[in-house]
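Colleague: can you look at this prediction? I've put the sequence above it.
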Amino acid sequence: MHNLRGTTPNHRTIPADTDRSVGPRLTRRRRLHRAARLALPLVLLALAALLVPAADAQASTGGPPAIPTSTAYLGAFAAPHESLNVAQSDIRQELGGIGAFDGVIGRPLGLVHVYQSWQNPVRNSVLSALAVTGATPLIDWTCTSDASITDGSQDAFISSYASALASYGRPVFLRWFWEMNLVNLPRTGTCQAGLGSAGYVQAFRHIHDLFVAAGATNVAFVW
């Protein structure tokens, strides 16, 4: 991360044989630099005022995440690892780094991405550990075959997971089959299995309906 504080230029005496016309230019640069340093905190404060306070996002236990009206969520995937695949497959990377991340930005995140495979959802205890930081989990749920969802063969598993998230109780975002529009990704072809966008829409709605039936009112679906 770059230091946002800036650096004050060293003041040097201009040698006698130096063209003193550079003096006013340096002075102007210093004034601009000083003005920028003063303006930056104001810009950051203005930005912070437009963000949903993390506490507000967690306030409605049992209900879905708060819907911003004049603000926005600030979120990130805060896993400090050079390999995205490793970071996505090991939630401990994020749990261990989110505190330092919050310290750098000077506030708790409003959203935290949580990646999980189709068959191995993240445990509620992990979601609770993230929620303690003030963030609302945004679960990125890897896809499976759309056909296996629409034909009902995955119903028991989906309903079981919906019940688990309902028992979690706190607000959570669920992002199933993200980047479904990137048809060149290997997983997209595997998951859509020739059904295309219509199959994706049907599968998405089917999952949503099973969550509603399970009473998971604390889950908000996003894509």
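Modeller: Yep, it's here. Numbers count the residues shown, from 1 in each chain.

Colleague: and the helices in the chain?
Modeller: Ranges of helices within the chain are 22-49, 54-57, 84-89, 91-105, 124-132, 146-150, 155-168, 186-192, 196-213, based on DSSP state H.

Colleague: the closest residue to Ala129 other than its chain neighbours: neighbour count?
Modeller: In space, and not counting its chain neighbours, Ala129 is closest to Leu95: 5.9 Å by CB to CB, 6 or more residues apart in numbering. Every C-beta, even on glycine, is put in place using the N, C-alpha and C of the backbone. Using other CB atoms under 10 Å, Leu95 is surrounded by 17 other residues.

Colleague: quick check, Leu95 in contact with Val126.
Modeller: Yes - Leu95 lies in contact with Val126 (CB atoms under 8 Å); the separation is 7.2 Å.

Colleague: can you tell me which residues contact the residue nearest to Ala129?
Modeller: 126, 129-130 (CB atoms under 8 Å, 6 or more residues apart in numbering).

Colleague: where in this protein is pLDDT low?
Modeller: Where the chain drops to pLDDT under 70, the residues are 1-61, 80-89.

Colleague: give me that answer again for 80
Modeller: For the chain, residues meeting the criterion pLDDT under 80 lie at 1-62, 79-96, 179-183, 185-187, 189, 194.

Colleague: picking that back up, in TSV: the contacts of Leu95, plus distance to Thr144.
Modeller: Putting these into TSV (distance: CB to CB, whole Å) gives the following:
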residue	distance to Thr144
Val126	21
Ala129	27
Leu130	24
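
Colleague: most neighbours out of those, which is it?
Modeller: Leu130 (24 neighbours).

Colleague: now do it against Ala147, distance only.
Modeller: Separation of Leu130 from Ala147 (CB to CB, to the nearest Å) stands at 33 Å.

Colleague: what's the closest of the contacts of Leu95 to Ala166?
Modeller: Of all these, the one with the least separation from Ala166 (CB to CB) is Val126, at 16.6 Å.

Colleague: check contacts around the closest residue to the closest one other than its chain neighbours.
Modeller: What sits nearest to Val126 in space, not counting adjacent residues and going by CB to CB, 6+ apart, is Ile91, at 5.6 Å. Ile91 makes contacts with 114-115, 122, 126, as judged by CB under 8 Å, 6+ apart.
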